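# below is the sequence, then the predicted model.
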Amino acid sequence: MSSEQRPKFDSTGMTQWHWKVLHKENFILGNNTQIGSFTVIDAENGVTIEDSVKIGWNCTIMSYSSIDQKSGRVILNKNSKIGANSVIFPNITIGENSVIGANSLVNRNIPPNEIWAGTPAKKIRNL
């Protein structure tokens with residue numbers, strides 16, 4: 001999204017495009033991004049989405065997990081792409097230009113320029 005199309009958050013963290021950020025004070029959003037409707041971003045411990053990132057519909061990005069008490073900043077580096085219905089666990093970095101396939105569970109850092117998919121996500125190939 002361009003600087004003219006920045007999200008407007010209501011009191012619950014919902015945007016005009018129907019994606020939501022919890023703890024928006026810990027959320028950093030780059031330019032020229034696209035985030036699909038029904039995506040939820042829990043930025044309790046920080047989430048950074050760099051320029052030109054694309055996130056599909058209904059994704060979950062968590063910087064904190066109450067189930068296993070894991071926490072940590074999530075970083076989606078420049079030009080990365082996250083397929084619809086994917087889940088990104090806390091303390092994860094997705095490398096520049098990397099692609100995560102739809103319906104994936106990302107529980108480890110993803111290096112730059114790679115394609116990963118599955119539950120849990122596994123490397124498919126280099127770009």
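Good, I have the coordinates.

# before we move on, what SS does the most centrally placed residue in the chain have?
For the chain, Ile61 is the residue whose C-alpha lies nearest the centre (CA atoms, centre = their mean; 5.0 Å). Taking DSSP: H, G, I helix; E, B strand; the rest coil as the rule, one finds Ile61 in the strand state.

# against Lys24, how distant is it?
Applying CB to CB, to the nearest Å, the value for Ile61 to Lys24 is 13 Å. For every residue, glycine as well, the C-beta is placed using N, CA and C.

# what of Ile88?
17 Å.

# same deal with Ser63?
In terms of CB to CB, Ser63 sits 12 Å off from Lys24.

# do Lys122 as well
32 Å.

# so between the two, which is more surrounded?
Lys24 (15 against 11; other CB atoms under 10 Å).

# you'd agree that one is up against Phe9?
Yes. Counting by CB atoms under 8 Å, Lys24 does reach Phe9; the two are 5.7 Å apart.

# sorry, back to before: for the residue nearest to the centre of the chain, list each beta-bridge partner.
In this structure, Ile61 bridges to Ile41, Ile88 when assessed by DSSP bridges.

# I'd assumed Arg73 was in contact with it.
No. Using CB under 8 Å, Ile61 is not in contact with Arg73, being 10.9 Å away.

# mutual contacts of those two, please.
Residues touching both Ile61 and Arg73 by CB atoms under 8 Å, 6 or more residues apart in numbering: Val47.
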